[in-house]
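In: need coordinates for the below:
(one chain, ligands or ions: 1)
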Amino acid sequence: MIVTKGLRKSFQSRQGRRTTTVEAVRGLDLTVDQGEIYGLLGPNGAGKTTTMRMLATLIRPDDGEATLAGADLRGEPAEVRRRIGYVSQGGGTTDHASAREELVLQARMYGITKAEAARRAERLLAAFELTEFADRHCRTYSGGQRRRVDLALGIVHRPDLLFLDEPTVGLDPQSRAGVWAEVRRLRAEGMTVVLTTHYLDEADALCDRIGIVDHGRLVTEGTPEQLKREISGDVVGIDLPEDEREPAVGVLAGLSCLRRMEAGEQEELRLYVDDGGAAVPLVLRELAEAGLTPKQIRLHRPSLDDVFLARTGRSLT
Ligand SMILES: Nc1ncnc2c1ncn2[C@@H]1O[C@H](COP(=O)(O)OP(=O)(O)OP(=O)(O)O)[C@@H](O)[C@H]1O
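Out: Model prediction:
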């Protein structure tokens with residue numbers, strides 16, 4: 001559904017008299033299969049939105065190639081636009097129009113007849129559970145309801161491929177779950193969905209495959225399970241007072257069960273071990289013998305954040 005090769009984009013930005021170049025995307029090779037939910041996951045400024053905006057024909061790549069739904073990004077941008085839907089971070093609704101009006105207008109902009117536009121609006125309002133307040137102004141909707149209108153607007157022209165930029169940012173947990181359910185429903189209907197997120201739980205729960213992006217490059221890619229399996233074994237997280245961290249690193253480095261140790265953000269030390277259950281008593285004994293007192297000790301299965309940390313040396317959260 002999407003194949004990209006060497007996509008690049010830089011921006012010039014001015015700070016006073018100095019002009020600096022930001023390499024937002026630095027040679028991205030991406031393949032997204034038909035019918036999957038693909039997540040671009042990465043910290044702020046990683047290049048997720050820039051990638052999506054290039055693929056949605058909103059900005060021109062400096063270099064590289066891409067094919068989307070069989071159309072060439074550079075050669076046939078109008079054709080790409082016809083085959084994709086794009087829902088931006090801020091969404092596309094205005095305060096003083098109703099969901100029904102927005103949907104009909106959007107359909108009309110794609111050249112759909114008045115009668116067909118009304119039929120599609122009706123169907124989408126029902127599918128996204130918006131019928132009850134379809135004729136009220138959008139400013140009266142909750143965040144979750146408004147986001148559902150955004151999704152409906154993105155698919156009124158029945159695209160093969162839908163781009164969602166941060167679909168649940170700012171939503172409460174219940175509304176997030178509602179949006180996830182809608183996205184899964186679109187996949188069940190055969191649509192391919194590409195979304196950006198910096199929520200690990202969202203990528204984990206919703207995406208069939210995830211590409212982790214950092215500094216404009218794909219750091220790693222796979223199903224959530226594959227990525228977590230990459231970091232095999234368990235992770236023991238230990239919170240220590242600031243002045244005890246360094247001595248603890250020294251003491252624990254000698255443990256025979258230790259595969260790797262990372263000093264995470266804030267106070268946590270992370271120990272990557274084969275068997276967490278066996279490692280915890282040993283860790284506690286070593287720390288006690290050295291007179292060190294952990295504030296907390298946790299045992300957890302590797303998360304996507306551990307994958308990110310292992311690959312980049314930094315935490316996503
Ligand atoms: N129009 C622009 N002009 C100058 N710099 C830009 C522009 N758009 C993006 N950038 C820079 O490019 C880099 C990548 O930005 P981008 O918005 O793609 O990241 P992102 O991964 O989507 O981040 P976020 O999660 O915060 O949305 C950042 O350093 C950003 O400041």
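In: make it CA atoms for all contacts and neighbour counts henceforth
Out: Fine.
In: A helix includes residue 40, no?
Out: No - secondary structure of residue 40 (DSSP: H, G, I helix; E, B strand; the rest coil): strand, not part of a helix.
In: who's it bridged to?
Out: residue 196, residue 211 (DSSP bridges).
In: residue contacts, it?
Out: 48, 194, 195, 196, 197, 210, 211, 212, 213 (CA atoms under 8 Å, 6 or more residues apart in numbering).
In: got it, and residue 274?
Out: Counted by CA under 8 Å, 6+ apart, residue 274 has contacts 232, 233, 234, 257, 258, 259.
In: ok, now residue 72?
Out: Neighbour list for residue 72: 65, 66, 80 [criterion: CA under 8 Å, 6+ apart].
In: hmm, back to that, highest neighbour count among the contacts of residue 274?
Out: residue 234 (20 neighbours; other CA atoms under 10 Å).
In: need the contacts of residue 40 in a markdown table with neighbour count, can you?
Out: Output for the contacts of residue 40, formatted as a markdown table (neighbours: other CA atoms under 10 Å):
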| residue | neighbour count |
| --- | --- |
| 48 | 29 |
| 194 | 22 |
| 195 | 25 |
| 196 | 26 |
| 197 | 22 |
| 210 | 26 |
| 211 | 25 |
| 212 | 24 |
| 213 | 22 |
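In: in JSON lines, list these along with pLDDT and distance to the ligand.
Out: Supplementary listing: the contacts of residue 40 in JSON lines, determined by pLDDT from 0 to 100; distance: CA to the nearest ligand atom, whole Å:
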{"residue": "48", "pLDDT": "93", "distance to the ligand": "4"}
{"residue": "194", "pLDDT": "97", "distance to the ligand": "13"}
{"residue": "195", "pLDDT": "96", "distance to the ligand": "11"}
{"residue": "196", "pLDDT": "94", "distance to the ligand": "8"}
{"residue": "197", "pLDDT": "89", "distance to the ligand": "7"}
{"residue": "210", "pLDDT": "95", "distance to the ligand": "14"}
{"residue": "211", "pLDDT": "94", "distance to the ligand": "12"}
{"residue": "212", "pLDDT": "91", "distance to the ligand": "10"}
{"residue": "213", "pLDDT": "92", "distance to the ligand": "8"}
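In: and which of those is nearest to residue 71?
Out: Nearest to residue 71 among the contacts of residue 40 is residue 194, at 16.6 Å by CA to CA.
In: surely the closest one is within a strand?
Out: Yes - under three-state DSSP, residue 194 sits within a strand.
In: for the closest residue to the ligand within the stretch 201-317 of the chain, which non-adjacent residue is spatially closest?
Out: Closest contact between the stretch 201-317 of the chain and the ligand, by CA to the nearest ligand atom, is at residue 216 (7.0 Å). The spatially closest residue to residue 216, leaving aside those adjacent along the chain, is residue 25, at 3.9 Å (CA to CA, 6 or more residues apart in numbering).
In: how far away is that neighbour from residue 131?
Out: For residue 25, the distance to residue 131 (CA to CA, to the nearest Å) stands at 41 Å.
In: can you pull out the helices in the protein?
Out: 48-55, 77-83, 99-109, 114-127, 143-154, 173-188, 200-206, 224-230, 245-252, 276-289, 304-312 (DSSP state H).
In: for the longest one, which helices and strands make contact with it?
Out: Just to be clear, that refers to helix 173-188. helix 143-154, strand 192-197 (3 or more CA pairs under 8 Å, 6 or more residues apart in numbering; DSSP states H and E).
In: and the angle for that helix with strand 192-197?
Out: 150 degrees (axes from the mean of the first three to the mean of the last three CA atoms, to 10 degrees).
In: helix 173-188 vs helix 143-154, what angle?
Out: Using the same axes, to 10 degrees: helix 173-188 against helix 143-154 is 20 degrees.
In: now do the buried residues in helix 173-188.
Out: Buried residues in helix 173-188, counted by 16 or more other CA atoms under 10 Å: 175, 176, 177, 178, 179, 180, 182, 183, 184, 186, 187.
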